[in-house]
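Engineer: Okay, here's the prediction I keep looking at, along with the sequence it came from:
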Amino acid sequence: MGTVTFKTLAFGATADEAFTGAVEDSKHRHGHNGYTGTIAEKTTFTVIPESEHKGRQKRIVASELIDEEDQRIQCKRGPAGAINCSGTKAATRYREQHGLEGKHGDVWLFFGWAAH
């Protein structure tokens, strides 16, 4: 059993709703047996404060936190990181691709390490 990194976008009225949806979608796509190397292995998340990513590309910030082995997200059994992406080009594209234009909620980037 090893570890791999993941990054996934999800939409929800709250971060909790987006996280739950992302986990359930990943379990549906990759199975319920564990060791998928995806967000399906996560049970919690920690929000990265806006002050750490404001005005920066969110995926790059996530990659930096992974590469730096940031203690908030470094454990494969610990929480995923979460960054609110609303207002970014990636969020707009995600909303368009998933038919979410005009719906209340935010696009979140979840990322971290997972068992594989």
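Structural biologist: Right, received. Where do you want to start? No experiment lies behind these values; they were computed from the predicted model shown.

Engineer: any idea how far the most centrally placed residue in the chain is from residue 62?
Structural biologist: For the chain, the residue nearest the mean C-alpha position is residue 110 (0.9 Å; Cα atoms, centre = their mean). Relative to residue 62, residue 110 is positioned 9 Å away (Cβ to Cβ, to the nearest Å). In short, each C-beta sits where N, CA and C put it, glycine included.

Engineer: ok, which stretches of this protein are helices?
Structural biologist: 15-30, 58-67, 89-97 (DSSP state H).

Engineer: Which residues are in contact with each of residue 110 and residue 62?
Structural biologist: Residues touching both residue 110 and residue 62 (Cβ atoms under 8 Å, 6 or more residues apart in numbering): 7, 81.

Engineer: burial count for residue 96?
Structural biologist: Residues lying near residue 96 (other Cβ atoms under 10 Å) number 10.

Engineer: ignore the last one, residue 73
Structural biologist: When neighbours are defined as other Cβ under 10 Å, residue 73 has 25 of them.

Engineer: Provide a list of residues in contact with residue 36.
Structural biologist: So residue 36 contacts 26-27, 30, 114, 116 (Cβ under 8 Å, 6+ apart).

Engineer: Now tabulate those residues in TSV and tack on neighbour count.
Structural biologist: Below are the contacts of residue 36 laid out as TSV (neighbours: other Cβ atoms under 10 Å):
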residue	neighbour count
26	22
27	17
30	16
114	23
116	16
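
Engineer: what's the farthest-apart pair in those residues?
Structural biologist: Using Cβ to Cβ, the two most remote members of the contacts of residue 36 are 27 and 116, lying 14.8 Å apart.

Engineer: now stretch 57-74: mean pLDDT?
Structural biologist: Stretch 57-74 shows a mean pLDDT of 96.

Engineer: Next, the buried residues of that stretch.
Structural biologist: If you call a residue buried by 16 or more other Cβ atoms under 10 Å, then stretch 57-74 has these buried ones: 58-59, 61-62, 65-66, 70, 73.
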